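Trainee: My questions concern the predicted model and sequence given below.
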Amino acid sequence: MRFIFRLYNRYFSPDRDFAGKIRTLIGFTPVNMGIFKLAFSHKSTASDKAYAAQNNERLEYLGDAVLGTIVAEYLFQKYPNSNEGFLTKMRSKIVKRKALNKIGDKMGLDVLLQEYNQMRLSRSMLGNAVEALVGAIYLEKGYEGTRQFVVQKMLRSYINIHELESYDDNFKSQLLEWCQKNNQTISYKLLARYKLEKRDRFKVAVLVNGERVATADDFNKKAAEQTASEKAMLQLGIIAEEYDDDGD
């Protein structure tokens, strides 16, 4: 029966164009087209009346949990002699928002997002869509099918796992070390705490020798400090910019 539904969705459904795009992206035609459409529907397009049912937040929540488990299992098997600290840092490098934004960009998710959202896209929407897509695949194919997709279509296609081993993404620690070596003082200041999309958001500044060098906003204070530190390192010429980012 599922084969018949897939056949219908691929060749006869009013959504067959969308089905073709999804098939190219994930490698199969879904049975439940609705959840895959939902994966690319941002909350800004939903009505207040049926908010939770019309956007990808719930799928994003599910996909985040499933993705974290799959990446943890993948790393556990790939590095049989590595300790918990190394595995945790590697997982964080892969599933953090900025990394997922880059994966979503490489996967071309902006095309589908633009099709279902009449708004200017931000990079953070790409990472959200990656997680929502993983959530949709999990509902469609279960854990094993989702694991195959994540490993084959994401990790092995868009992540240089060996490069990540030596990549240090703790910008706060790097900036502190630079300041200590150059006899500079460093401090962080919480500039504002406010609500955005029904969540607390923090705006922080990093000060070097008492002067504000950079600021950043995030839903987590520590994450905001990390982003502000990265921006400060760019501003001070300590590191070179590798890609554009919207500050999320």
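Mentor: Yes, it's here.

Trainee: quick check: domain ranges of this protein?
Mentor: 2-164, 171-235 (automatic domain parsing).

Trainee: tell me the mean pLDDT for the shortest one?
Mentor: Think domain 171-235. Average pLDDT, domain 171-235: 93.

Trainee: so how far is residue 209 from the residue in the chain sticking out farthest from the centre?
Mentor: No residue in the chain sits farther from the centre than residue 183, which is 36.2 Å out by Cα atoms, centre = their mean. Per Cβ to Cβ, to the nearest Å, residue 183 is found 10 Å from residue 209. (Each C-beta comes from the backbone N, C-alpha and C, glycine too.)

Trainee: Go through the protein and flag its longest helix.
Mentor: Assignment by DSSP state H gives helix 123-149 as the longest helix of the chain.

Trainee: list the helices and strands that helix packs on?
Mentor: helix 16-26, helix 33-38, helix 57-78, helix 97-107, helix 109-116 (3 or more Cβ pairs under 8 Å, 6 or more residues apart in numbering; DSSP states H and E).

Trainee: any idea of the angle it forms with helix 109-116?
Mentor: Using axes from the mean of the first three to the mean of the last three Cα atoms, to 10 degrees, the direction of helix 123-149 lies 110 degrees away from that of helix 109-116.

Trainee: what's the average pLDDT for helix 123-149?
Mentor: Regarding helix 123-149, the rounded mean pLDDT is 95.

Trainee: Can you name the next helix or strand after it?
Mentor: helix 156-158 (DSSP states H and E).

Trainee: Can you list the helices and strands that the helix or strand following that next one packs against?
Mentor: Sequence order places helix 161-166 as the next helix or strand after helix 156-158, per DSSP H and E. Judged by 3+ Cβ pairs under 8 Å, 6+ apart, the packing partners of helix 161-166 are helix 84-95.

Trainee: could I get the helix it packs on in PDB with only the CA atoms?
Mentor: C-alpha atoms of helix 84-95 as PDB (Å, rounded to 0.1, in the frame of the first residue of the first chain):
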ATOM      1  CA  GLU A  84      33.600  11.200  26.200                       C
ATOM      2  CA  GLY A  85      35.000  14.700  26.100                       C
ATOM      3  CA  PHE A  86      36.300  14.400  22.600                       C
ATOM      4  CA  LEU A  87      33.000  12.800  21.400                       C
ATOM      5  CA  THR A  88      30.900  15.500  23.000                       C
ATOM      6  CA  LYS A  89      33.000  18.300  21.400                       C
ATOM      7  CA  MET A  90      32.800  16.600  18.000                       C
ATOM      8  CA  ARG A  91      29.100  16.200  18.200                       C
ATOM      9  CA  SER A  92      28.700  19.800  19.200                       C
ATOM     10  CA  LYS A  93      30.700  20.900  16.200                       C
ATOM     11  CA  ILE A  94      28.400  19.000  13.900                       C
ATOM     12  CA  VAL A  95      25.000  19.800  15.300                       C
END
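
Trainee: where's it relative to the chain centroid, distance-wise?
Mentor: When distances are taken as Cα atoms, centre = their mean, to the nearest Å, helix 84-95 is centred 15 Å away from the chain's centroid.

Trainee: Which elements pack onto it?
Mentor: In terms of contacts (3+ Cβ pairs under 8 Å, 6+ apart), helix 84-95 is packed against helix 57-78, helix 161-166.

Trainee: ok, and what's touching whichever helix or strand comes after the shortest one?
Mentor: It stands for helix 161-166. Next along the chain after helix 161-166, taking DSSP H and E as the criterion, comes helix 171-181. Helix 171-181 is contacted by residues 168, 184-186, 206, 208, 225-227, 229-230, 232-233, 236, 238-239 when judged by Cβ atoms under 8 Å, 6 or more residues apart in numbering.
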